[in-house]
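A.B. asks: Build me a model from this:
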Amino acid sequence: MTEAVDPLRPAAARSDRIAPILFAVAIFTSACLVFVVQPMAAKLLLPTLGGSPSVWNASMVFFQTALLAGYGYAHLLQRLATMRAQVGVHLGLLIVAAFFLPLQISGLLGDPDPSQPAMWLLATLAVSIGAPFAVLSATAPLLQAWYARVRAGHADGQNPYVLYAASNLGSFLALLAYPVVIEPLASLSDQRLGWSVGYGLFVVMVVGLGVQVWRRREIGTAEPAPLEASPPIAWREKGMLVLLAAAPSSLMLGVTAHLTTDVASAPFLWVIPLALYLLTFVIAFQTRPAVSPAIGLGLQAAAAAACAALIAFRTGEWLLVFTINLAAFFFTALMCHQRLAARRPAPDRLTEFYLLLSLGGVVGGLFNGLIAPAVFDMVWEYPLVLVAAGLLRPWSRREIRPWEIICCVAGVVIALMGPLSMEAVRYAPNIRAAIPDAELVRIAQAILGIATLFAFLVRDRAVMFTIVLAAIVWSGYHLARGYDWALSERSFFGVMRVAKIDDPLMGGPVHVLMHGTTLHGAQAQAPSNRCQPTLYYATSTPLGQAMLQMQARRLDGALVGVVGQGSGAMAAYKRAQDQLTFFEIDPMVDRLSRDPQWFSFINGCADGPVRTVLGDARLTMDREPARSYDLLVIDAFSSDAVPTHLLTIEAIRGYLRMLAPDGVVVLHLSNRNLEITLPAEAAAQALKVPHLHQVYIEQSGQGDMAEASTEALLIGKTPAALEGFRDDARWRKLSPTTVRPWTDDYVNLFGSLVRQLKMAAR
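C.D. replies: Now for the predicted structure:
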């Protein structure tokens, strides 16, 4: 007797084979879209808030909050009993959110207030891209919950969390692809269009998932039943999950701010911590992690202790500092995420679990993005969270051994020896005269290095480990506290510092203004040299030459505009008959440069009042009268956060609109990391306006801050505007370039980085 063959069985088997692939591809695609939109949105915001890393940090607060909203929606959607209803609702919201495409920044809220831009940024992102981002971000928990129900009778259905690794892998690849592939090859308009197409494809995938659910009855398979309820997550456990998620989120933003502020300027630096953050999720939620939790805990203890000893110091070994800081961040984030993965609840609590993770991410982001800049004058949030993360290590239940107490006490005592020894040296002039300050700092660092060994020995005791770590960090900051900076202040746009140095060639004391690791001006304090412009603004540099040339033309008075106020050094040139306007985005810079305690170029050297217009230069300069300025100096390209929108064809066209018929604009293009001269020249070529180029090399035998090597591009509104400059052999005409000019729709920073690396290798 032959067994009857069920004609529906092959269809059911095909459905079982297709479902895992469809779920994985859909989650991967949504993750790519979510992480491509983040740098794309930051580019859309550039014309209003500039390129400060704080803009990225504040944007991350929005994205984390929108992610929380998406995860909350996914959690609430699980209250609908049937998957068919859930798929229908989600598909409907995806279609509604599509009406916000293509993505653009809404002008509904007007221009930002320079004194309080963060809230404007968050609100503008919410009304511009909030709907599609939040609905799309619900994908990871929602599809994992559906997968657990669809695959309830299979082994992989018992652990849908492995799909979270696929989600973060998609995010990781999209993040790396944006600066290297997407931005160089596609204009912003093409990116927006491509993202909309990708969104449409994802909607099609959700339709495919819906078809899978709808067809289950046709192929003889019942609607997936709700998963069996497990015990609720205890409130104490919820709090622990939030803390374990908050620490890596805070550290990700903190290490970015610390490295860009205290260590070195580096393009695309924000990509590295975020990519490492995503990678830790991939490893933590793998079935077989590439780094086991036990090994990860040991590496975290070693990296965190080493980082604590170096975190307060600036050193020439920037690659070593980068490596140690990023290693400490990576292994601390991995430790937290592996502890999260170990605590994941049963699949029926999956969306609640991800909601708590997202809440932790928002808590960490809010602390770094909004609270810390308002509360701290330096990037204190990074060392604070790095130390506090020690308490998130496993707490051993075994009895404390005497040697562990000895190691803890020894670590604290040795860490405190550094500051005590430095204080002792201050009261011993003979010793201080014999040992240079740099050598004293190295000795103190060696003492802290010994303390790190004791911290590592008590790594299994979370409280003891944290106490020693805190002592090391406190000692490091105490040692570094006064030997470099006279003032440190912080705003939304970054940390500004004033250093007091002694330079006999400049008459003695010199005040130096720095933003991160970039010089923004210096002023000698000796009365004989106080009104001498310095660094990039010295009379010998292209910026100084342009100012003197224009003043010689306009004996009755020149109207000058300068983008980027810095210490206000350009005000030293101002005669009584001149009019000078600074265009500055950061109110703190305006306040510091006008405070005679630090700098007196504006209030002391300038003959007559100096005007400052606050806000992004592209916005504020549009309101200036046409054909009125004789000279414009665009000086905003000397740091890692290059405001590329000030170098586009549209920007230069705007500068030319403001110029008198024989006026000129000078683009200051000095940059350590990016070659930005050729895109600027290409823009001048595209506009068919005359231009000249100069690279000035600072002369030896002067004070360290007397002048600085400077690269500049001079653009005239007419050929007659360059008269006088053409006769100066220091200015020369560049050969035509084939580099594509930057526009408001297209910028290729990665290409600039590659060109700079090639030039450095020659």
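A.B. asks: burial measure for Val409, as a count.
C.D. replies: Look at Val409: counted by other Cβ atoms under 10 Å, it has 14 neighbours. The way it works is simple: take the backbone N, C-alpha and C, and place the C-beta from them, glycine included.
A.B. asks: so what's it up against?
C.D. replies: Residues counted as contacts of Val409 (Cβ atoms under 8 Å, 6 or more residues apart in numbering): none.
A.B. asks: Tell me which helix or strand it sits in.
C.D. replies: helix 402-426 (DSSP states H and E).
A.B. asks: and that helix, average pLDDT?
C.D. replies: Mean pLDDT, helix 402-426: 81.
A.B. asks: What are the buried residues along it?
C.D. replies: Judged by neighbour count (16 or more other Cβ atoms under 10 Å), helix 402-426 contains these buried residues: 404, 407-408, 410-412, 414-419, 422, 425.
A.B. asks: what's the offset of that helix from the middle of its chain?
C.D. replies: Averaging C-alpha positions (Cα atoms, centre = their mean, to the nearest Å) puts helix 402-426 36 Å from its chain's average.
A.B. asks: who touches the residue nearest to Ser491 when sequence neighbours are not counted in this structure?
C.D. replies: Of all residues not flanking Ser491 in the chain, Met588 sits nearest, at 4.1 Å (Cβ to Cβ, 6 or more residues apart in numbering). By Cβ under 8 Å, 6+ apart, the contact list for Met588 reads 489-491, 493, 496.
A.B. asks: The closest residue to Thr541 other than its chain neighbours: neighbouring residues, count only.
C.D. replies: Sequence neighbours aside, Thr710 is the residue nearest to Thr541 in space, at 4.3 Å (criterion: Cβ to Cβ, 6+ apart). Applying other Cβ under 10 Å, we find 25 residues neighbouring Thr710.
A.B. asks: residue contacts, Thr710?
C.D. replies: When contacts are counted by Cβ under 8 Å, 6+ apart, Thr710 touches 536, 541-543, 668, 670, 694-696.
A.B. asks: Check the residues you listed for the minimum pLDDT and say which it is.
C.D. replies: Out of those, that is Ser670, at 84.
A.B. asks: Which of the three states applies to that one?
C.D. replies: Counting by DSSP: H, G, I helix; E, B strand; the rest coil, the backbone at Ser670 sits in coil.
A.B. asks: about what we covered before: just the element for the residue nearest to Ser491, please.
C.D. replies: helix 587-593.
A.B. asks: Buried residues, that helix. List them.
C.D. replies: Buried residues in helix 587-593 (16+ other Cβ under 10 Å): 587-590, 592-593.
A.B. asks: Tabulate these (TSV), appending pLDDT and distance to Phe28.
C.D. replies: As requested, these are exported to TSV (pLDDT from 0 to 100; distance: Cβ to Cβ, whole Å):
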residue	pLDDT	distance to Phe28
Pro587	89	44
Met588	89	43
Val589	90	44
Asp590	92	47
Leu592	92	48
Ser593	92	50
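A.B. asks: Of all pairs in those, which one is the farthest apart?
C.D. replies: Farthest pair in the buried residues of helix 587-593 (Cβ to Cβ) is Pro587 and Ser593. Separation: 10.9 Å.
A.B. asks: after the helix holding Met588 comes which helix or strand?
C.D. replies: Past helix 587-593, the next helix or strand by DSSP H and E is strand 611-614.
A.B. asks: Direction included, what does that following strand pair up with?
C.D. replies: Strands adjacent to strand 611-614 in the sheet, as given by DSSP bridges, are strand 579-584 (parallel).
A.B. asks: I figured Ala626 was touching Met658, is that so?
C.D. replies: Yes. Here Ala626 reaches Met658: they are 6.4 Å apart, a contact under Cβ atoms under 8 Å.
A.B. asks: Which one's more surrounded, the two?
C.D. replies: In this view Ala626 and Met658 are compared by other Cβ under 10 Å, and Met658 has more residues nearby, 20 against 11.
A.B. asks: which ones are touching that one?
C.D. replies: Neighbouring residues of Met658 by Cβ under 8 Å, 6+ apart: 561, 621, 624-629, 632.
A.B. asks: Would you mind measuring from it to Ala546?
C.D. replies: 15 Å (Cβ to Cβ, to the nearest Å).
A.B. asks: any chance of the contacts of Met588 in JSON lines, with pLDDT and secondary structure too?
C.D. replies: Listed next are the contacts of Met588 as JSON lines, based on pLDDT from 0 to 100; DSSP: H, G, I helix; E, B strand; the rest coil:
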{"residue": "Glu489", "pLDDT": "80", "secondary structure": "strand"}
{"residue": "Arg490", "pLDDT": "79", "secondary structure": "strand"}
{"residue": "Ser491", "pLDDT": "78", "secondary structure": "strand"}
{"residue": "Phe493", "pLDDT": "75", "secondary structure": "coil"}
{"residue": "Met496", "pLDDT": "83", "secondary structure": "strand"}
